[in-house]
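# test case, fold it:
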Amino acid sequence: LLVFLGLALPGTQGRVIPRCEMVRILRRHGFEGFVGTTVADWMCLVKYESDYNTKAYNNNGPSRDYGIFQINSKYWCNDGRTAGAKNACHISCSRLLDDNIEDDIQCAKKIAREAHGLTPWYGWKNHCRGRNLSSFVRGC
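Residues are numbered from 1 along each chain as shown. This is a model prediction of the structure:
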């Protein structure tokens, strides 16, 4: 049984993207200056929303947040279980839990574009907004 659990856990934990690799990914995808945000803003958001884990999820009662950006099933993706879901990113929520974060990036940018910033994310509002975030990108 312990051998089985040891084999099963890595698959369920997801990939934790190293900090500087995540900085490079965000820079490469044009996050610096996107809707008035910085890469440091996004790094702080990802840290407090998912701790850089591609398979992170969180139950919010009737809806659920998925993936590295914690994208919500009520508005942005379809998990097949959230009543009245909008699926504005036209994506299955399960695709936000794989190690390929290209589709996560596109949806996160759509959310930020529509909100004119990062206010939809409570992790960013509660831990990042108005703070010096330089440590999130320092040395990368």
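
# for G80, see how far away D41 is.
Remark: distance between D41 and G80 (CB to CB, to the nearest Å) = 32 Å. Using the backbone N, CA and C atoms, a C-beta is placed for each residue, glycine as well.

# quick one: the strands in this protein?
Using DSSP state E, the strands assigned to the chain run over residues 57-60, 63-66, 71-72.

# can I get the ones you listed in TSV with distance to I25?
Putting those into TSV (distance: least, CB to CB, whole Å) gives the following:
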stretch	distance to I25
strand 57-60	20
strand 63-66	18
strand 71-72	16
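
# just to revisit the earlier point, more neighbours, D41 and G80?
D41 (26 against 9; other CB atoms under 10 Å).

# which residues are contacting the longest helix seen in the chain?
Among the segments of the chain that qualify as a helix by DSSP state H, the longest is helix 102-115. By CB atoms under 8 Å, 6 or more residues apart in numbering, the residues outside helix 102-115 that reach it are 25, 29, 31, 34-35, 37, 54, 67-69, 71, 76-77, 88-89, 91, 95-96, 118, 120.

# where along the protein do the helices fall?
So, for the chain - with DSSP H - the helices run 2-13, 19-28, 39-50, 102-115, 122-127.

# which stretch in these has the least confidence?
Per-stretch mean pLDDT for the helices of the chain is lowest at helix 2-13 (a mean of 41).

# gap between the two ends of stretch 107-124?
End-to-end distance of stretch 107-124 (CA to CA, to the nearest Å): 17 Å.

# whoops, I mixed them up, stretch 73-83
Terminal-residue distance, stretch 73-83 (CA to CA): 9 Å.

# same question, stretch 56-73
Stretch 56-73: ends 13 Å apart by CA to CA.

# and that stretch, average pLDDT?
So the average pLDDT for stretch 56-73 ends up being 96.

# let the chain start at 357 from now.
With the count now opening at 357, the last piece we talked about shows up as stretch 412-429.

# if you count neighbours, what's buried in that stretch?
Buried residues in stretch 412-429, counting neighbours by 16 or more other CB atoms under 10 Å, are found at 412-413, 419-429.

# and stretch 481-496, by the same measure?
Applying 16+ other CB under 10 Å to stretch 481-496 flags 484, 489, 492-493 as buried.
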